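# Quick one: sequence and predicted model below, then my questions.
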Amino acid sequence: MLKGADFVTITGKTDTGVILMSIISRLKRHKAYSNYVIMSKFFGIMGVKPIHIILPVFLSFIAASFDGISLGLLVPLVKGVVSNNFYFIKEAAGLKYIVKFFPGVLLNTDSPNKNAFLFLIGLVLLFVVLKNALNYITSVLSAYWHGRFGRNIYLYVFERFLTFGKMFFDRTSEGYLIMIMNYSEYTMKVLRTFENSVNQIFTLAIYFTVMLMISWKLTIVTLIVFPILHYLLKAIVSRLYSIAQLTNASMIALQRNVFNILSCIPLVKVYSKEDEMKANFRNINEELRKLNLRSDKVGDLINPIQEIVVTLALLFMLAIVALLFAEGKPAEISVFVVFFYAAKRALPMFNIFNIIKTDFAQAKPPLRELYKVFDDTDKFVVAQGPETFKELQSGIELKGLNFSYVKGRRVLNDVNLYMEKGKVTALVGPSGAGKTTIVNLIVRFYDCPPGSIMVDNIDIRNFTLKSLRREMALVSQEALLLNDTLRNNITFGLDRKITDEELIDVSKKARLYDFILQLPAGFDTEVGDRGVKLSGGEKQRVAIARALLKKSEILILDEATSSLDTKTEQLIQAAIDEAIKGKTTIVIAHRLSTVKHADKIIVIEDGRIAEQGSLNELLKKEGRFYRYWEDQKFF
Ligand code: ATP
């Protein structure tokens, strides 16, 4: 680690340079800097440009000025009413310029006072209307921009999710992911707080200017409220932050719990675990309720404390006014009414700094959680190269492939095998041996060590994921269906238009057509969440139809027909055999009868290759495969 002195020696810079560097590095380590870095990253993603801040700030400033002017106009108004004389407005600072434009106000009428009174009322109203009109324009403008910022951050978070590797999703609960999406809302909350704060700070500045103009001494006295309020509310803000952290953890637990239960309803029901689940949920929900109550109880202290401190300050000032101006003219004293009015409105605005802190304190834990989406740590993003995969030339080779899902537990051990182009390779072996893991690595759901999977002698990691996957069709063990129609599920992911004839043809091949004909809505039947309205076999047939329609170069069937009855399986097998002609196919099957036509059979045991060869070779060998074959003979 370089120290300050080393730095001077190496760079030859002066002490001042070192001091400056150390100040900068200290500032960078400060909490405020890391908050700034986080927020600027968020604002960048949301598409917040300087104009989006400057324009509302500018409009707020003008609106606050109008507010100040209308407030300032109350001084001559009250003064004139109390003394029943408005002639002084001809000389009044600022006002005299306006009066100059309307000389008739104080001239040639029977009742100039009444005229001046109405004139001042009109002016006050005008500025109040102008202020509100500007505030309205600012609000509409902000609403328009906020809509776009909100859309941008949602989109970004969603797009980021899509770049993460499958391992990330294996390890992360769905509930958590949905919650993270919802956390995007907090960025808008911070932005709104920021905009409101700017507005309030301007208004505060303008009010203080008016107060200073009335009495600078009293204005200074009011300033004592600021540190008092600040210190009283500081403890509250830090309490709110720690409660927000606990609330965040509880929310995560609650979401996880809900998703866990909802996705396993049959399990919960069949084991009659409803009461236990309810109790579990009730506990977390109750904890959340208590935390929210604690947060409200602490947060609700802000207003009373503020009100009491402000009232005390006003009473204190009233006492000072009474002492100083006991013998003063009523007109002078009346001006202080305006001062108190301004002070009463301005003093609570001091709290804006605490509101900023409170809002940030509550938004910080969710935003820190959301921020994790931005970096690639633990996202298991699968590495890809620049090359476009067009067509398989010779084959796919696994070279000393090792793989672990979790550190310390090897699932694949030195796997070496070759899958020739245009041939059918079958992976067989006991459950948990690592067969699915092999195809998951070929489809690139998970990253493999460099050089361990070669496609035509090129490392698979050199190809773009998109080009590789375009040439691969996968029917996975668990048929994946979207909550959509049968038509959309079968044609999912195709970048060409499918004719009705093609759809019917592929449905016939997948032995799905007769079933679809019976449905009132036919291909437009909704299949429900994850295809819940279909049987296991129907779901598999939809997945097979989808894969056949893709017409990819490489077809991977992982227990694709395991849920079908023997007759349907035989019929589909014929369609599959027809479809895979000339294609490179990888088949995983427990029912060995389905792999007897494979060109090569690989027996995987405990993450290692135990045997490989053609059906005849393996049977002749009377080794591991022979024993599995014999075991299944009578089924
Ligand atoms: P089956 O025939 O039952 O489908 P398989 O041979 O396809 O089994 P794999 O699914 O490849 O086996 O699993 C191999 C090992 O890896 C198993 O022990 C399994 O527990 C483990 N495994 C699989 N997926 C994951 C995962 N996402 N995270 C951690 N471990 C996993």
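Thanks, I have the structure now. Source: prediction; values computed, not measured. Numbers count the residues shown, from 1 in each chain.

# need the next SSE after the lowest-mean-pLDDT helix or strand in the chain, C-terminal direction.
In the chain, the helix or strand scored least confidently by mean pLDDT, DSSP states H and E is helix 4-11, which has a mean of 41. Downstream of helix 4-11, the first helix or strand assigned by DSSP states H and E is helix 15-29.

# Helix or strand next in line after that next one, which one?
For helix 15-29, the following helix or strand on the C-terminal side (DSSP H and E) is helix 31-46.

# Any part of stretch 148-168 near the ligand?
No: contact of stretch 148-168 with the ligand is not found when judged by C-beta under 6 Å from any ligand atom; the minimum separation is 6.7 Å. Every residue, glycine included, has its C-beta placed from N, CA and C.

# Parallel or antiparallel, which strands does the helix or strand containing L401 pair with?
Assigned by DSSP H and E, L401 belongs to strand 395-406. Applying DSSP bridges to the sheet, strand 395-406 is found paired with strand 409-420 (antiparallel), strand 453-455 (antiparallel).

# For that strand, give the mean pLDDT please.
In this model, strand 395-406 has a mean pLDDT of 94.

# which residues are in contact with stretch 63-77?
Stretch 63-77 is touched from outside by 86, 88-89, 92, 94-95, 117, 120-121, 123-124, 127-128, 130-131, 134-135, 138, 199, 202-203, 205-207, 209-210, 213-214, 335, 338, 341-342, with contacts defined as C-beta atoms under 8 Å, 6 or more residues apart in numbering.

# Name the residue of the stretch 1-150 of the chain that lies nearest to the ligand.
Nearest to the ligand, among the residues of the stretch 1-150 of the chain, is I45, at 29.9 Å (C-beta to the nearest ligand atom).

# returning to that earlier point: tell me the most buried of the strands paired with strand 395-406?
Among those, the stretch with the highest mean neighbour count (mean count of other C-beta atoms under 10 Å) is strand 453-455, at a mean of 20.

# Could you find the closest non-adjacent residue to the spatially most central residue of the chain?
The centre of the chain sits closest to M181, judged by C-alpha atoms, centre = their mean, with a distance of 3.5 Å. Take M181 and drop its neighbours on the chain: the residue closest to it by C-beta to C-beta, 6 or more residues apart in numbering is V157, 5.8 Å away.

# do F316 as well
V221 (7.3 Å).

# And that neighbour, how far from the ligand?
Distance from V221 to the ligand, counting by C-beta to the nearest ligand atom, to the nearest Å: 68 Å.

# mind checking how far stretch 497-511 is from the chain centre?
39 Å (C-alpha atoms, centre = their mean, to the nearest Å).

# how about it: buried residues?
Within stretch 497-511, the residues scored as buried using 16 or more other C-beta atoms under 10 Å are 503, 506-507, 509-511.

# Need phi/psi at E471.
phi -100, psi 10 (degrees, to the nearest 10).

# Now for the spatially closest residue to it that is not a sequence neighbour: which residues touch it?
Nearest residue to E471, sequence neighbours excluded (C-beta to C-beta, 6+ apart): E553, at 4.2 Å. If a contact means C-beta under 8 Å, 6+ apart, then E553 has 391-392, 471-472, 583-584 as its contacts.

# all helices of the stretch 101-250 of the chain, in order?
Assigned helices in the stretch 101-250 of the chain, in chain order: 112-163, 166-171, 174-183, 185-214, 216-222, 225-263 (criterion: DSSP state H, counting those that start in this stretch).

# in the second one, what's buried?
Of the residues in helix 166-171, those buried under the neighbour-count criterion (16+ other C-beta under 10 Å) are M167.

# what does the stretch 401-550 of the chain have sitting close to the ligand?
405-406, 411, 431-437, 477.

# Now intersect these with the strands, please.
405-406, 411 (DSSP state E).

# and which of those residues is nearest to the ligand?
Y405 (3.2 Å).

# which one is that closest one nearest to, not counting chain neighbours?
Nearest to Y405 is V411, by C-beta to C-beta, 6+ apart, at 6.0 Å.

# still on that earlier bit, save the helices of the stretch 101-250 of the chain as a markdown table, and put in mean pLDDT too.
Below are the helices of the stretch 101-250 of the chain laid out as a markdown table (pLDDT from 0 to 100):
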| stretch | mean pLDDT |
| --- | --- |
| helix 112-163 | 88 |
| helix 166-171 | 91 |
| helix 174-183 | 82 |
| helix 185-214 | 82 |
| helix 216-222 | 79 |
| helix 225-263 | 79 |
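
# how about those in a markdown table, adding distance to L417?
What follows is the helices of the stretch 101-250 of the chain, written out as a markdown table (distance: least, C-beta to C-beta, whole Å):
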| stretch | distance to L417 |
| --- | --- |
| helix 112-163 | 30 |
| helix 166-171 | 22 |
| helix 174-183 | 35 |
| helix 185-214 | 49 |
| helix 216-222 | 82 |
| helix 225-263 | 36 |
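
# between the ones you listed, which gets nearest to E578?
helix 166-171 (31.1 Å; C-beta to C-beta).

# just the CA coordinates of the closest one, formatted as PDB?
In PDB, the C-alpha atoms belonging to helix 166-171 read as follows (Å, rounded to 0.1, in the frame of the first residue of the first chain):
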ATOM      1  CA  LYS A 166     -29.400 -19.600 -14.500                       C
ATOM      2  CA  MET A 167     -27.400 -20.200 -11.300                       C
ATOM      3  CA  PHE A 168     -28.500 -16.800 -10.000                       C
ATOM      4  CA  PHE A 169     -32.100 -17.800 -10.400                       C
ATOM      5  CA  ASP A 170     -31.400 -21.200  -8.900                       C
ATOM      6  CA  ARG A 171     -30.200 -19.500  -5.800                       C
END
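
# related to what we said a few turns ago, as TSV, the strands paired with strand 395-406 with mean pLDDT would be great.
Output for the strands paired with strand 395-406, formatted as TSV (pLDDT from 0 to 100):
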stretch	mean pLDDT
strand 409-420	94
strand 453-455	95
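
# Now do stretch 471-489: distance to the chain's middle.
27 Å.

# about what we covered before: what's the closest of the buried residues of stretch 497-511 to the ligand?
Nearest to the ligand out of the buried residues of stretch 497-511 is A510 (C-beta to the nearest ligand atom; 22.0 Å).

# Please name the residues that touch that closest one.
Going by C-beta under 8 Å, 6+ apart, A510 touches 541-542, 544-545, 548, 572, 575.

# how about those, which pair is most distant?
V542 and A575 (13.8 Å).
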